[in-house]
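**Student:** Build the 3D model from these lines:
(chains A, B and C)
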Amino acid sequence: MIETLIQGLLLGGLYTLFALGLSLMFGVMRLTNVAQGDFIILAAFAAIAGVSLTGSAPLWVVLAVLPIAFCAGYLLQRHVLNRTLGKDPLPSLVVTFGLSIVIQNLLLELFSADPRSIEIGPLATQSLQLGDSLALGVLPLVVLAVALAATAAMQWMFARTPLGRTFRAVSDDREIAELMGLKANQVYALATGIAFVLIAIAGALQGMRTTVSPSDGPLLLLFVFEAVIIGGMGSFWGTLAGAMILGLAQQIGFRLDPGWGIWFGHLVFLAVLVLRPQGLFPKTRG
Amino acid sequence: MNPDMNPRTFDVVRGTDASRSLLGAAAVLVIGAATLPFWGESSWMREFVEIACYFIFAMMWNLLAGYGGMVSIGQQAFFGFGGYVMLMLGNFAGVNPFVAIPLGALAAALVAVPVSFVAFRLAGGYFAIGTWVIAEVFRLSFANVSAVGGGSGTTLTALRGIGRATRESVTYWMALGCVVAAIALVYLFLRSKRGLALLAIRDNEVAAESQGIPVARMKLAVYVVAAFGAGLAGALYFVGNLRISPDAAFSVNWTAFAIFMVVIGGIGRIEGPLVGALIFWALNKFLSDYGTWYLLGLGLLAIVVTIFFKQGLWGYAQQRWGWSLFPTQRRLALHVSKSPMPAARIPELELHPHAKHQ
Amino acid sequence: MTALLATEGLQAFYGDAQALFGVDFALHAGELLAIIGANGAGKSTLLKCLTGLVRAPRDAVRFKGEPIGGLPPGEIVRRGLAMVPEGRRLFPSLSVEENLLMGAASGRSGPWNLKRLYEMFPILAHKRGEPGTSLSGGQQQMVALGRALMSNPEVLLCDELSLGLAPIVIREIYAAMPRITAEGMTVVIVEQDVGMAQQVSQRVYCLQEGRVSLTGRSSELTRAQISQAYFGLEAHAEAAP
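**Tutor:** Numbers count the residues shown, from 1 in each chain, chains lettered A, B, ... in the order given. The predicted structure follows:
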């Protein structure tokens, strides 16, 4: 049982990384990125392609992908997504949905439907021995550590830095923020740039821990979304909590019957939605 | 109030001459289409049934999103549900599958009520994804029911006794009937007082509520009607297809194509899905061999149209040239002399940008 | 004396509805000017045109001789025009101090900083870490005023400072005005409270249904003149049958 719980938490760490970018984008500009999962997969494939093209070690490739991801996110927001913002949620939903389809098919064309992964050698299967019966994978632990660090970093950035203050102000009242001299379009682009860096990290780790294929995106989106709803909107620690709970639910369900893992997650999500729609740890906005 | 304007000097006008003649032409077209089984090829009928399903689904998605203001990525839940109920009634209850089509639609409408209880907890973008999750729950649920073949699906056996030609003709007529019924349903609904209320809600929910419009009930009504339509399309599709599986029935592609058709054609207009369906059918016919590139192109097209032609291609035409096939706007036709135009109109930055649906 | 800030024949629309019908307005450096008028007269619209929240034709608004009509609000703030918006509009997610710091986002330098603001409004120093919107109406108004001052503007526009506030609080806020204008800051106040407006300002503009109906030195205008301009009543009106 302990092992199931720990596996759940480790999975939750991964889901946290998947979800942080979505949380950030929604928090700053109320934009729901339907292509979140697909961008994660895209990042994974970018790393895979980078490794096979340059032959370098995965770590360097991933580090190189990060600034590229930032620029990609910045430019996408600045020139495409900014035009979809407004009271109507439809344009941003259609555009990100369209992007989802474009990415999936582009990846299918470039890489075919075969699952791939980022080869990291023995690190993929190494494990730490805790006591007699407990062996924890090193990679999942790394993922969890990165997730915790990223969440703490995002929370700190939002609450304590001028940039975070800017994000909060623009999100509260775009018009008055512009009256103060802020350029909302640039601020939004910065937020998406950062979100894409998180996405790239998540994608790289996903590609290392398992195989990825071009159509994996939508399922990841659903997990991310469930994590954010369970945790409650408005805080990064809430997103982490929601991701942990989802991971736990899925692992427990998986333990009971291998076909029930995802299903259990859905059940918990629905239960939270019906019983406590604001999520378990919502941060109320003023 | 201008004291020169007494009530007899203006009318509330709905139709135009152009639209009346177009409707007449449409009626002739439908009657002509009904004769197709007597002179056309069976592949044409099959194609029509398929496009009819896409179109009805898109039309209902348009009703929900463009008029109800609820963007859903999960309408396929009701599409598949209608299909499965039709199949179960046909295979297990001995109901004639053609009769089971509206029953499947009804079942979808009924299940939409408890679903709405969950889905309406969310709003905006999160509502959209939430409906997708619910559709996935539907998919996983049916994949676990072995009586209907579980994950690999099953066949509609109830039509085995009927000859192929008859089956295809009746399916075709059913499809034609469903299309006409769906269009009529939406058109009449939107022209009614309820339709006006819907527009008011879409434009400003709080203001509408303050005017006494029961917003929550209206939204539920639209959601149920849209579910009915989706279920109708689903049941019809699988009568034509004869084989159902959870992945086919609850695939998000249905919504993807509906979004494409509606966005291209113009959301919030009745003729939008019609124009979009025609364009979609044409693209499908000539380009679907290109597989992934075709889908990629569709995605890009949807993005471009959303950003640059916010009102869809038909909406653009309507604005530019005043075309309208299904007038639901009520215009005030004044009979007094025109008031002087204000000088030097200056373009205005909107303080609180409103969603422009029309 | 050339005006620091001026409009010429300014027209403004909200969609199809016209709100200003050719307003001529001039503000001179160092003065405190009041704009009065009934609800809907166009006072706030005029201010929004000056700060770029409502689009104005390019040449209709000039600041230090340069046309600024149609520029984005951020650009106008950077040039030295700041506004205390109607209804305060503090950022709910930000604390009092963070709200004040946002005012400095335009990057202009000058005498106004946090220390000075806390000296002027000590209560704000006391509550600096609390969410801006948890303060009373008057305290929020101080924050909004301070936030605008943090951008060290040359011209400060105040939109309905007294709105929703008790008289004693209004007096407290206006008591700070001399400190603000002491170093030559030019101030425009939009006010519904005509008495307060006449008291603190040197010149007055009265707007009525989108047009300037009266302008003059505050000390020289009579109540009758102001009433007439405010409400658009003729001095000798006959009752309709």
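**Student:** For chain C, give me the ranges with low pLDDT.
**Tutor:** When residues are selected by pLDDT under 70, those of chain C lie in C:1, C:233-241.
**Student:** Could you say which helix or strand holds A:Met208?
**Tutor:** A:Met208 is part of helix A:184-209 when elements are defined by DSSP states H and E.
**Student:** What of B:Ile303?
**Tutor:** Using DSSP H and E, the secondary-structure element containing B:Ile303 is helix B:292-308.
**Student:** which residues are contacting that helix?
**Tutor:** Defining contact as C-beta atoms under 8 Å, 6 or more residues apart in numbering or on different chains, one finds that helix B:292-308 is touched by A:80, A:83-84, A:91, A:94-95, A:97-102, A:105-106, A:108-109, B:259-260, B:263-264, B:283, B:287-288, B:290, B:312-313. Heads up, the C-betas are built off the backbone N, CA and C, glycines and all.
**Student:** so how far is that helix off the chain centroid?
**Tutor:** When distances are taken as C-alpha atoms, centre = their mean, to the nearest Å, helix B:292-308 is centred 20 Å away from the chain's centroid.
**Student:** same question, stretch A:72-91
**Tutor:** Centroid displacement of stretch A:72-91 relative to its chain, using C-alpha atoms, centre = their mean, is 19 Å.
**Student:** That one near chain C anywhere?
**Tutor:** No: counting by C-beta under 8 Å from any C-beta of the partner chain, chain C has no neighbours in stretch A:72-91; the shortest distance is 14.2 Å.
**Student:** Mind jotting down where the strands sit in the stretch 1-150 of chain B?
**Tutor:** Counting by DSSP state E, counting those that start in this stretch, the stretch 1-150 of chain B has these strands, from start to end: B:10-13.
**Student:** Enumerate the residues of it near chain A.
**Tutor:** Along the stretch 1-150 of chain B, the residues adjacent to chain A under the rule C-beta under 8 Å from any C-beta are B:65, B:71, B:73, B:117-118, B:121-122, B:124-126, B:128-130, B:132-134, B:136-137, B:140, B:144.
**Student:** residue in chain C nearest to chain B?
**Tutor:** Relative to chain B, the nearest point of chain C is C:Arg55 (4.0 Å; C-beta to the nearest C-beta).
**Student:** Relative to the whole chain's centre, how far out is the next helix or strand along the chain from the helix holding B:Ile303?
**Tutor:** Beyond helix B:292-308 on the C-terminal side, the first helix or strand identified by DSSP H and E is helix B:312-321. Relative to its chain's centre, helix B:312-321 lies at 19 Å (C-alpha atoms, centre = their mean).
**Student:** what's the helix or strand harbouring C:Cys206 in contact with?
**Tutor:** With secondary structure defined by DSSP H and E, C:Cys206 is part of strand C:203-208. Residues outside strand C:203-208 that contact it (C-beta under 8 Å, 6+ apart) are C:23, C:25, C:31, C:33-38, C:41-43, C:46, C:197-198, C:212-218, C:221, C:226, C:229-232.
**Student:** Go again with 7 Å.
**Tutor:** Contacts with strand C:203-208, where a contact means C-beta atoms under 7 Å, 6 or more residues apart in numbering or on different chains, come from C:25, C:31, C:33-37, C:41-43, C:46, C:197-198, C:212-218, C:221, C:226, C:229-230, C:232.
**Student:** do stretch A:114-131 as well
**Tutor:** The contact list for stretch A:114-131 (C-beta under 7 Å, 6+ apart) reads A:47-48, A:51, A:58, A:135-139, A:141, A:204, A:207-208, A:210-213.
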